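S.K.: the following block contains a protein sequence and its predicted model.
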Amino acid sequence: MQSSLSRPGVRGAPASAVTLLARIPTQLRKVFGLRRLRPGQQEAMSRALRGLNTLAVMPTGAGKSLCYQLPATLLRGVTVVVSPLISLMQDQCEKARGLGIAAVQLHSALSAQQTEEAEQALAARRARLVFTTPERLADAGFQALLLEHQRIALLVVDEAHCISQWGHDFRPAFGEIGALLPALGSPPVLALTATANEEVMADICAQLGIPAAGLLAGSSYRRNLRFGVEAVADEPAKLRRLLEIVAAAEGPAIVYVATVKAAEAVHAALLEAGVAAGLYHGKLAKAQRQQSQQAFMAGKTTLMVATNAFGLGIDKPDIRLVLHYQLPAGLDVYYQEAGRAGRDGEPARCLLLFLSGDRAVQQFFLNGRYPSPEDGQALMALLARAGPDESPWTLGALQQKLQRPAAKLRVLLNLLRREGWLRQDEAGRLVPDAAQRQLPDLQALLARYVDKREQDQLRLEQMVAYAQTGACRWRTLLEAFEEALPFEGGRCGACDNCRRMAAHEREAEAIVIDAGDAPAGAPRRPRFAEGDCVRVRRYGIGTVVEASSEAITVAFAEARRSFHPDFVKPARPRPPRPPDAIDKGAAP
């Protein structure tokens, strides 16, 4: 883990900070009933207690919540935690209260009475922890309530990858947290996330004012997770395989799908097969979602079928299987969801059922996600005119006129409003406010989404490559996250490919010993060499670019792909046509 952390008592450390650092072990036992910290927690807590801006990248199950809960019990002032989901902050708030920590939450799902009670607790300085949304944090009245009675001792941004990964198309307010810091008294910032590559980490640090020394990036590797991929030929075969896997599964399991339609179809198929399962997606009523989640967390239901709406902050340690029925958008998303398995440290399985056609689902989402400069130009031109029947423009009317997806228009409207291109008049109408700006300025503003789309396209390609690779799954994941490998030889020894390679090598060694050609344990040479012509089922004929005992990289007409050697067969190249076979009428 990267850290410039100083030990308690070093020169320059404030005496109050040294005292707080010394109290960590006692507070750990007294409040949380724990005897020792997990890797990374000490560094994150120490920086928070010393008032230093920090980004801690810690794998799922590493105990990120404790990194702010314990400091909150020691710091003078209130610790404000910004969370992306209401269900997430509800769970965190209840657990904090269960530990005896005075905690409140403020968000749109509270009743008027609940909101009033939370605000009274803040005004009376009875709250040590405040959970809220980025939108509420931006509210001037909420800021005044916080600062009128006490200072913000620590601002925590939970699931901080939301700042960079989704940006304006998910929650525009997340991207505005950095700009709010001066109005909040410039409190120390602790950003927490389970998944972030170098680019995302740099973006988070830049937005929140976190120096390079404040980056604590631990390894994502978790020895107990067994990754695997099973390729299927078609949708019926995939559903049959799902039913077989679920029937044999032991312990709680989650089946992730990419769309609401798929979630309902898979759930219905499971029920028809006599398999009890819960269902969770964003279009269910709130009461249904809560009931389904509570049943799963309590163990009344051991199988959950869900979209990515389910999972952030789900603290169920004994999940033994996370199965992805459809291809996720990228390896970072996949790891975050798969990492909900085995949080108790016991072996758990992370399986992807790969149907090549599923890539089209994510490609469809990608194509409709980001506004282009042309979208911005068309929208501004339309808003300059009166709406239907001289009425104000609505999202539905804009969508019908422009023929753009509603999600893309929301992104565009939020961005243009925040950047000053649009304003709302007293009647609530959107009015162009760009008299001093030119079209090139608008195109430059929206060009960032061109780059973002290219980045997401690369993420999708990495996900597909992971599904098709013959190399170690953990190695593929960690290299994508730009992390060093914590195991020797580039093989984890536990994923499906590593187990397959080990079995193949044992068979090869047995053949060698039987033939008397070499002693046991002799290195096995690749079956293919660079330039060999080979055939791979479903991909056709290609040329070997790189070969080892672990994987064969083959160049086809469209692209390069890596395969386990078992899937690659020799192929004879097409013989050249003899000279006398050339058509007489052809040009020389």
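M.R.: Ah, there it is.
S.K.: distance-wise, check the nearest residue to residue 401 once chain neighbours are set aside relative to residue 126.
M.R.: Excluding the flanking residues, the one nearest residue 401 by Cβ to Cβ, 6 or more residues apart in numbering is residue 382, at 6.1 Å. Bear in mind the C-beta positions are built from the backbone N, C-alpha and C, glycine included. Using Cβ to Cβ, to the nearest Å, residue 382 is found at 51 Å from residue 126.
S.K.: higher neighbour count, these two?
M.R.: residue 382 (15 against 10; other Cβ atoms under 10 Å).
S.K.: so which strand or helix has that one?
M.R.: In this structure, residue 382 sits in helix 373-383 according to DSSP states H and E.
S.K.: center of the chain, which residue is that?
M.R.: Centroid check for the chain by Cα atoms, centre = their mean gives residue 333 as the closest residue, at 3.3 Å.
S.K.: same for the one helix or strand it maps to, what does it pack against?
M.R.: Assessed by DSSP H and E, residue 333 sits inside helix 331-338. Applying 3 or more Cβ pairs under 8 Å, 6 or more residues apart in numbering; DSSP states H and E, one finds that helix 331-338 makes contact with strand 321-324, helix 439-468, helix 473-480.
S.K.: of all these, which one comes closest to residue 550?
M.R.: Residue 550 lies closest to helix 473-480 among these, at 9.3 Å (Cβ to Cβ).
S.K.: and the contacts of stretch 479-494?
M.R.: 195, 197-198, 219-221, 223, 225-227, 331-332, 335, 462, 466, 471-475, 478, 498-499, 501-502, 550 (Cβ atoms under 8 Å, 6 or more residues apart in numbering).
S.K.: rerun at 6 Å
M.R.: 197-198, 219-221, 226, 331, 462, 472, 474-475, 478, 498 (Cβ atoms under 6 Å, 6 or more residues apart in numbering).
S.K.: pull the most distant pair out of these.
M.R.: Most distant of those, by Cβ to Cβ, are 198 and 226, 27.0 Å apart.
S.K.: residue ranges in this structure under the pLDDT threshold?
M.R.: The chain contains residues with pLDDT under 70 at 1-16, 165-172, 312-313, 390, 392, 418, 424-430, 433-439, 508-526, 572-588.
S.K.: show me it divided up by domain.
M.R.: Domains of the chain are assigned by automatic domain parsing as 15-217, 227-364, 368-437, 524-588.
S.K.: dump these to a markdown table, plus distance to residue 457.
M.R.: As requested, these are arranged in a markdown table below (distance: least, Cβ to Cβ, whole Å):
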| stretch | distance to residue 457 |
| --- | --- |
| domain 15-217 | 14 |
| domain 227-364 | 9 |
| domain 368-437 | 11 |
| domain 524-588 | 14 |
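S.K.: nearest to residue 506, out of those domains?
M.R.: Set against residue 506 and scored by Cβ to Cβ, the domains of the chain come closest in domain 524-588, at 10.2 Å.
S.K.: what sits against residue 158?
M.R.: Residue 158 makes contact with 81, 83, 192, according to Cβ under 6 Å, 6+ apart.
S.K.: was I right about the last one contacting residue 62?
M.R.: No - with contact defined as Cβ atoms under 6 Å, residue 192 does not reach residue 62; the gap is 9.8 Å.
S.K.: which stretches of the stretch 151-300 of the chain form strands?
M.R.: Taking DSSP state E, counting those that start in this stretch to define them, one finds strands in the stretch 151-300 of the chain at 152-157, 189-193, 215-217, 225-231, 253-256, 278-280.
S.K.: adding mean neighbour count and distance to residue 414, write the ones you listed out as CSV.
M.R.: Converted to CSV, the strands of the stretch 151-300 of the chain look like this (neighbours: other Cβ atoms under 10 Å; distance: least, Cβ to Cβ, whole Å):
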stretch, mean neighbour count, distance to residue 414
strand 152-157, 24, 19
strand 189-193, 26, 22
strand 215-217, 21, 29
strand 225-231, 20, 37
strand 253-256, 25, 28
strand 278-280, 22, 27
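S.K.: make JSON lines out of those and add distance to residue 306.
M.R.: Output for the strands of the stretch 151-300 of the chain, formatted as JSON lines (distance: least, Cβ to Cβ, whole Å):
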{"stretch": "strand 152-157", "distance to residue 306": "25"}
{"stretch": "strand 189-193", "distance to residue 306": "21"}
{"stretch": "strand 215-217", "distance to residue 306": "29"}
{"stretch": "strand 225-231", "distance to residue 306": "19"}
{"stretch": "strand 253-256", "distance to residue 306": "6"}
{"stretch": "strand 278-280", "distance to residue 306": "4"}
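S.K.: measure the closest residue to residue 347 other than its chain neighbours to residue 490 for me?
M.R.: Leaving aside its chain neighbours, residue 347 sits nearest to residue 224 (5.2 Å; criterion: Cβ to Cβ, 6+ apart). From residue 224 over to residue 490 the distance is 20 Å, taken as Cβ to Cβ.
S.K.: go on, residue 346?
M.R.: Taking Cβ to Cβ, one finds residue 346 at 26 Å from residue 490.
S.K.: and residue 202, by the same measure?
M.R.: For residue 202, the distance to residue 490 - Cβ to Cβ - is 27 Å.
S.K.: just residue 45 next, same as before
M.R.: 34 Å.
S.K.: just residue 294 next, same as before
M.R.: Counting by Cβ to Cβ, the gap from residue 294 to residue 490 is 43 Å.
S.K.: ok, the residue nearest to residue 347 - contacts?
M.R.: Going by Cβ under 6 Å, 6+ apart, residue 224 touches 342, 345, 347.
S.K.: C-alpha coordinates for stretch 264-280, PDB please?
M.R.: The C-alpha trace of stretch 264-280 is given here as PDB (Å, rounded to 0.1, in the frame of the first residue of the first chain):
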ATOM      1  CA  GLU A 264     -37.600 -10.600 -14.700                       C
ATOM      2  CA  ALA A 265     -37.100 -13.400 -17.400                       C
ATOM      3  CA  VAL A 266     -34.400 -15.200 -15.400                       C
ATOM      4  CA  HIS A 267     -36.400 -14.800 -12.100                       C
ATOM      5  CA  ALA A 268     -39.500 -16.300 -13.800                       C
ATOM      6  CA  ALA A 269     -37.500 -19.200 -15.200                       C
ATOM      7  CA  LEU A 270     -36.100 -20.000 -11.800                       C
ATOM      8  CA  LEU A 271     -39.500 -19.900 -10.100                       C
ATOM      9  CA  GLU A 272     -40.900 -22.200 -12.900                       C
ATOM     10  CA  ALA A 273     -38.100 -24.600 -12.200                       C
ATOM     11  CA  GLY A 274     -39.000 -24.700  -8.500                       C
ATOM     12  CA  VAL A 275     -36.100 -22.600  -7.400                       C
ATOM     13  CA  ALA A 276     -37.000 -19.900  -4.700                       C
ATOM     14  CA  ALA A 277     -35.300 -16.600  -5.600                       C
ATOM     15  CA  GLY A 278     -35.700 -12.900  -4.800                       C
ATOM     16  CA  LEU A 279     -35.800 -10.200  -7.400                       C
ATOM     17  CA  TYR A 280     -34.300  -6.700  -7.300                       C
END
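S.K.: name the SS class of the closest residue in space to residue 322 that isn't next to it in sequence, please.
M.R.: Distances taken as Cβ to Cβ, 6+ apart place residue 341 nearest to residue 322, at 4.3 Å, with adjacent residues excluded. Secondary structure, DSSP: H, G, I helix; E, B strand; the rest coil: residue 341 is coil.
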